[in-house]
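Q: take this sequence and fold it.
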Amino acid sequence: MDEFTRKIFIEFASDSNNISEYYERVMNTYGEERLKEALKVYESYRYKQPGDARDPEPMLTIRILSWLIPSWNPFKISLQNAVLVTQIFLLALSVIFPPFNFELPGGVVSNAGYHFISTPPETQHITMNPTQLYQIAGRVDIVLLIVEWALIFVFGVAARKLLLKRYTS
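A: Predicted structure coming up:
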């Protein structure tokens with residue numbers, strides 16, 4: 001690496017608040033081919049600054065993972081996108097494992113918990129006549145499922161708004 005490029009990397013490191021900003025600037029300016037050199041400069045510059053007590057271990061992990069998996073990029077996903085991915089994951093999980101309930105004779109509804117969608121719970125219900133049993137299959141509790149979806153949506157939107165406000169102001 002030439003001295004001019006090294007000085008530019010040092011300037012990027014001094015202007016950046018964290019490694020993700022530094023990473024973004026290097027990627028936008030030089031592309032992925034100069035990233036390994038840039039990370040070495042960042043590591044040597046940032047950890048030699050007085051009062052900088054950051055642990056160099058995460059940088060080592062990033063370098064090892066970048067070496068093992070060249071396309072791995074830990075800084076491409078923003079926190080807002082992470083919240084969105086979490087929301088989608090929770091919605092999918094709530095579809096795969098919905099809440100079930102039993103509707104017993106006489107209009108009594110009993111909670112049956114969460115089960116895999118293709119295997120609803122079953123129970124036997126004893127009637128007033130002890131020799132007579134009813135086989136009751138659980139049904140998806142649509143109201144509770146809609147409430148779950150609404151809460152996942154509301155909390156996800158609120159988290160994304162808070163992150164947007166935090167990182168844009």
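
Q: the closest residue to Ile96 other than its chain neighbours - how many residues pack around it?
A: For Ile96, ignoring the flanking residues on the chain, the nearest one in space by CB to CB, 6 or more residues apart in numbering is Ile117 at 5.8 Å. C-betas here are computed from N, CA, C, even on glycine. By the criterion of other CB atoms under 10 Å, Ile117 has 11 neighbours.

Q: Phe12: what's it in contact with?
A: Shown in contact with Phe12 (CB atoms under 8 Å, 6 or more residues apart in numbering): Tyr22, Arg25, Val26, Thr29, Ala38, Tyr42.

Q: and it, how far is that from Leu35?
A: The gap separating Phe12 from Leu35 is 12 Å, by CB to CB, to the nearest Å.

Q: give me the common contacts of the two.
A: Counting by CB under 8 Å, 6+ apart, the shared contacts of Phe12 and Leu35 are Val26.

Q: one step back: my guess is the residue nearest to Ile96 contacts Pro98. True?
A: Yes: Ile117 lies in contact with Pro98 (CB atoms under 8 Å); the separation is 6.0 Å.

Q: and the pLDDT at Gln124?
A: Note on Gln124: pLDDT of 67.

Q: for Gly138, same thing?
A: We have a pLDDT of 86 for Gly138.

Q: related to what we said a few turns ago, and the contacts of Phe12, which two are furthest apart?
A: By the measure CB to CB, Thr29 and Tyr42 form the most distant pair in the contacts of Phe12, at 13.5 Å.

Q: so for the two, which sits in the more crowded spot?
A: Ranked by neighbour count (other CB under 10 Å), Thr29 and Tyr42 place Tyr42 first, with 20 against 13.

Q: and the more buried one, how far is that from Met1?
A: Distance from Tyr42 to Met1, by CB to CB: 13 Å.

Q: ok, Glu103 next?
A: According to CB to CB, Glu103 and Met1 sit 72 Å apart.

Q: for Leu162, same thing?
A: Distance of Leu162 to Met1, given as CB to CB: 40 Å.

Q: returning to that earlier point: I'd like the contacts of Phe12 as TSV, with distance to Leu90 and secondary structure appended.
A: Below are those laid out as TSV (distance: CB to CB, whole Å; DSSP: H, G, I helix; E, B strand; the rest coil):
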residue	distance to Leu90	secondary structure
Tyr22	32	helix
Arg25	34	helix
Val26	34	helix
Thr29	38	helix
Ala38	36	helix
Tyr42	35	helix
